[in-house]
Structure formats: C-alpha cells, structure tokens
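> Build me a structure from this.
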Amino acid sequence: MAHLLMIESFIGGNAVLLPKLLKQLGHTYTFITRSKGIFKSSFHSNEHVVIQHADEIIEANTNDASVVLDTILGKKFDGVITTCDYYIETVVEVAKELSIPCPFPKAVKNVRYKQKLRQTLDAAGISNPQYGLAYNWDEVLLVAKNIGYPVVLKPVDLSSSAYVRLIRSEEDLRDAYHQLNAFPINWRDQERDCTYLLEKYMEGNEVSVEAVTFNGETTIIGITQKSLMGAPYFIEDAHMFPANISHDMKLKISGYVVKALQAAGYDYGVSHTEVKLTDAGPRIVEINPRVAGDYIAEIIKLVCNVDILRAFVDLSIGIEPSITKKETGISSACVRFLTPHRGGKIVNIVGVDTLASDSHIDSFKVEDCIGKTVGDPIDNAGRIGWIITKDTEGYNAMNYAYEAMEHIKLTFE
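Residues are numbered from 1 along each chain as shown. Below is the predicted model:
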C-alpha cells in the first residue's frame, strides 16, 4: 500500500471522507499543516479526522513550497495530495521536485485562476460570457458599465463561492468592491491575487459536470443538478445526481466541457466543471481541478457505484482509476444543506428527530449549534448540517430533500 504526503486540507466534505477512505484502502499519510489549530471545530471538541488518521503530523509553513520541501527532506512518499484548493499549486510543485505523482494537471493554473480560464477559453474559440478584468475601483466601475448590469463580481482565486456577488447597480458594485478590497489575505494567510473579474450575469439553470482525466483521455461520470440560495450571493443549497435533463442536452454539455478541459491543458485529474444552461447554449462558470465537494462524491456513488474520491486517490499514486458504472437500484440522490437564513445566536433547533425515520434519507448530520453564534449567509461556509436523500423511481431525490429539511426550524435570540 502507498504512503502519501498530504499538504493541508479543507475542513468539511471530502476533507472528512478522504482520510477515512485512505485508511479503508490500506494507505497511510503524513499530514503537513501550518497549525493543527486550523482543524478545531466551534461546534464540538472532537479531533478532526484528518488529524486522527495521520501516521505523522508535521507543523511547518505550508505557504512556502521550499519550506515544505526542506521539512520533508529524506522522507519517502508515493504521491502528494490535498483537498484544499489553496495548496493545489504547492502539491504540483512538490510532486515535480520529488518526481512522484499527484492528482492534478501540470497546467493547473489555467483553471485555478478564473481570469486565466476565461483567457484560455477565448484563445481556443470556446464561448465565454462577456467579461472584463480590473485592478482598482475606477477600472471596476468602467468594466461594469461597458458590460452592462446585471454583472457578477468575482475574486479570481477564492473558493466556496466566497465574495462572488450578483451586481444590479453601481451601489451594489461599490459595496461588493469594498468588501473584497478589504480582504487582501485569504483564510490560509496567503496573499491574494487582487484582480477583479466581472462577468455578464448568465441567466439559466446551473449544473456541474464530474469527470476523470487520465493521460489526456477524459471520461464524463455524469452531470449534477444544482440549486442556489441567498441572492445576491451564490450559496449552493442542494445538488442532485444525475441532473434531470434530456439525453441530447447531456451530450451537448459533455462535449462542450471536454473541449474546455482540452483547451486548458487538463490532461490528468478529477474535475468539477460548473456550467450555466443559457439560451445561447452551455457556458462555463468555472472549472475546479478536484473532486466535487459538498458530498457530491457520495451521491454519485449511491446512484452508479463510481467512487470519484477513490479515483482521486488512485491518480495521486499514478494508477489508472476504475470508473465503471453499475446499477445500484437508486435512480437519483440529493444532498441538501442546512444553512441559516440569517446570522445570530441560535437558541433552539427542532425537527432533527424526524430525519431518522424518513425512508428517503440515506444519511444526515446536524451540528450541535444551540448556543452558538453564526454569521450572515454569504457563501458555502455558513452551513450547520446536511441530509442525503435517494429515490428509486426517478428524479424525486431533491424534492424529498427539501421536504425533509422543512421539518427543521431554528430559533434565534
């Protein structure tokens, strides 16, 4: 079995699933992090699973690849991995220096930075929304006026929909600009690329395309349906696999995404590509060079028995993943999140006891949040729970998830 170097980790979703999977597969890992304190929860005192399952834990400045390399000098690894977007480039650099595999393409910057993806798609003649780049308030205002409201203002280097905002007026724009301008260092104490990306708002439903690419050959696993909340923010509320769309549309979306991946030099790795279905056809929102988060890997496994997180592990040690679909008896599965609609101190929560007896629910988790204060919902980080539902007869899993979550009520101080 393999011994991996894991450089940092996110906190939830795949960051919880991956350490358990590595142990199940018989793999081990050394975990290197700036601080174990990053992984302490405000909801409970339990040690995070990424800490629990590590063979060795090293604390070092992971924001400097040269420090990482010096720290692990003399140690042997079979691959390098991370679940945290902010360390993907470090993983690629360390893997190159050590001549070992990692589950990301060498050209990962083409998709990690949103402006580079837009420029790459332009160069390949692949349809983009109208967009522009800016570096200060005057330029932001000028680009927005040239595009015409509504626009979407985006940071080019953050994740989890952080600071992504729908802008309908100059007042909205000024507020969003100042919020983002006041955030020059990200949550991992890394200096940000403070380029502002403005895009024409794309009307239409949103889906994501889950794919695995091995040595330049891309296999589309399927298409996931998405539900958003929290306008003017883009908070992901629920995901259902597979998306309830026509076969012809699936083929159109899949072909479009494969071309985009090829244009970006995406020749190795798992990818999660978000796509808007506009009247003019599919348009890329962004390409994420990793396994889909938000427990999408779990709902895919429920429906077709393909484990994309295991594919991610296999790629990290240079093995061609097995991605053969099998019938499971489940036609659709959905994950929906419990995201408070406001900030404040939670003094009571009711309805959680109804979830265990719901035959449509596969699994769920609700944090012990009574007495805890939560912030206003502005991105995906505000969640305090989730449920996964399933349907054996069609595309009703998302309906079941919404019905189940209706029973849960929060009371604020």
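> ranges for the strands of the stretch 1-150 of the chain?
3-7, 28-33, 56-59, 79-81, 131-134 (DSSP state E, counting those that start in this stretch).
> other SSEs contacting the shortest one?
Under the contact criterion of 3 or more Cβ pairs under 8 Å, 6 or more residues apart in numbering; DSSP states H and E, the helices and strands touching strand 79-81 comprise strand 3-7, helix 88-98, helix 308-316. Bear in mind the C-beta positions are built from the backbone N, C-alpha and C, glycine included.
> I'd like these as a markdown table, with distance to residue 267 and mean pLDDT appended.
Formatted as a markdown table, the helices and strands packed on strand 79-81 follow (distance: least, Cβ to Cβ, whole Å; pLDDT from 0 to 100):
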| stretch | distance to residue 267 | mean pLDDT |
| --- | --- | --- |
| strand 3-7 | 21 | 98 |
| helix 88-98 | 13 | 98 |
| helix 308-316 | 11 | 98 |
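> Next up, the contacts around the nearest residue to residue 155 once chain neighbours are set aside.
Computed as Cβ to Cβ, 6 or more residues apart in numbering, the closest residue to residue 155 that is not its neighbour in sequence is residue 163, at 5.0 Å. Residue 163 is in contact with 153, 154, 155, 176, 179, 180, 183, 378, 379, counting by Cβ atoms under 8 Å, 6 or more residues apart in numbering.
> would residue 163 count as being in a helix?
No. With DSSP: H, G, I helix; E, B strand; the rest coil as the criterion, residue 163 is assigned coil and is not in a helix.
> What score does it have for pLDDT?
Per-residue confidence (pLDDT) for residue 163: 95.
> Is residue 413 in contact with residue 342, as I believe?
No. The pair residue 413 and residue 342 does not pass the contact test of Cβ atoms under 8 Å, sitting 11.3 Å apart.
> quick one on the thing from earlier: just name the most buried of the strands of the stretch 1-150 of the chain.
strand 79-81 (a mean of 27; mean count of other Cβ atoms under 10 Å).
> Give me the contact list for that strand.
Outside strand 79-81, the residues that reach it (Cβ under 8 Å, 6+ apart) are 2, 4-7, 18, 29, 91, 94-95, 98, 100-103, 312-313, 316-318.
> In PyMOL, select just the buried ones from those.
The PyMOL selection below is limited to those of these classed as buried (16 or more other Cβ atoms under 10 Å):
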select buried, resi 2+4+5+6+7+18+29+91+94+95+98+100+101+102+103+312+313+316+317
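> coming back round to it: adding distance to residue 270, write the strands of the stretch 1-150 of the chain out as TSV.
Shown next, in TSV, are the strands of the stretch 1-150 of the chain (distance: least, Cβ to Cβ, whole Å):
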stretch	distance to residue 270
strand 3-7	16
strand 28-33	18
strand 56-59	26
strand 79-81	11
strand 131-134	26
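> what number of residues lie near residue 268?
Residue 268 has 22 neighbours, counted by other Cβ atoms under 10 Å.
> cool, and the one 3 residues further on?
The number of residues packed near residue 271 is 28, by other Cβ under 10 Å.
> what about it, which SS state?
Per three-state DSSP, the secondary structure class of residue 271 is strand.
> I'd like the distance between it and residue 304.
Separation of residue 271 from residue 304 (Cβ to Cβ, to the nearest Å) stands at 17 Å.
> just residue 87 next, same as before
From residue 87 to residue 304 the distance is 30 Å (Cβ to Cβ).
> Now do the strands in the stretch 151-300 of the chain.
151-155, 165-167, 196-200, 205-214, 217-229, 235-241, 269-278, 281-288.
> next one: phi and psi at residue 232?
When quoted as degrees, to the nearest 10, the phi and psi of residue 232 stand at phi -90, psi 10.
> That one: neighbour count?
Quick note: residue 232 (other Cβ under 10 Å) scores 16 neighbours.
> Would you check that it makes contact with residue 168?
Yes. Using Cβ under 8 Å, residue 232 is in contact with residue 168, at 7.5 Å.
> Now do the closest residue to residue 177 other than its chain neighbours against residue 155, distance only.
Once flanking residues are discounted, residue 177 sits nearest to residue 140: 5.4 Å by Cβ to Cβ, 6+ apart. According to Cβ to Cβ, residue 140 and residue 155 sit 12 Å apart.
> which of these two has more neighbours?
residue 140 (24 against 20).
> Which phi and psi values does residue 411 adopt?
phi -120, psi 130.
> and it, what is it in contact with?
346, 347, 348, 349, 350.
> How about residue 123, nearest residue that isn't a chain neighbour?
Residue 123 sits nearest to residue 263 (Cβ to Cβ, 6+ apart), 7.4 Å away.
> do residue 277 as well
Sequence neighbours aside, residue 204 is the residue nearest to residue 277 in space, at 4.5 Å (criterion: Cβ to Cβ, 6+ apart).
> And for residue 387?
Nearest to residue 387 is residue 364, by Cβ to Cβ, 6+ apart, at 4.1 Å.
> domains for this protein, by residue range?
Per the record, the chain has its domains at 3-98, 130-200, 204-328, 331-413, by automatic domain parsing.
> okay, how far is it across the third one, tip to tip?
Meaning domain 204-328. End-to-end distance for domain 204-328, by Cα to Cα, to the nearest Å: 31 Å.
> And it, how far out from the chain middle?
Domain 204-328 has its C-alpha centroid displaced from the chain centroid by 11 Å (Cα atoms, centre = their mean, to the nearest Å).
> before we move on, what about the second one?
Taking the mean of its C-alpha atoms, domain 130-200 sits 20 Å from the chain's own mean (Cα atoms, centre = their mean).
> Residue 200: how many residues sit nearby?
Neighbour number of residue 200 under other Cβ under 10 Å is 17.
> residue contacts, it?
129, 130, 131, 147, 148, 150, 151, 152.
> separation between it and residue 122?
14 Å.
> If we ignore the residues flanking it in sequence, what's nearest residue 302?
That would be residue 333: by Cβ to Cβ, 6+ apart, it lies 4.3 Å from residue 302.
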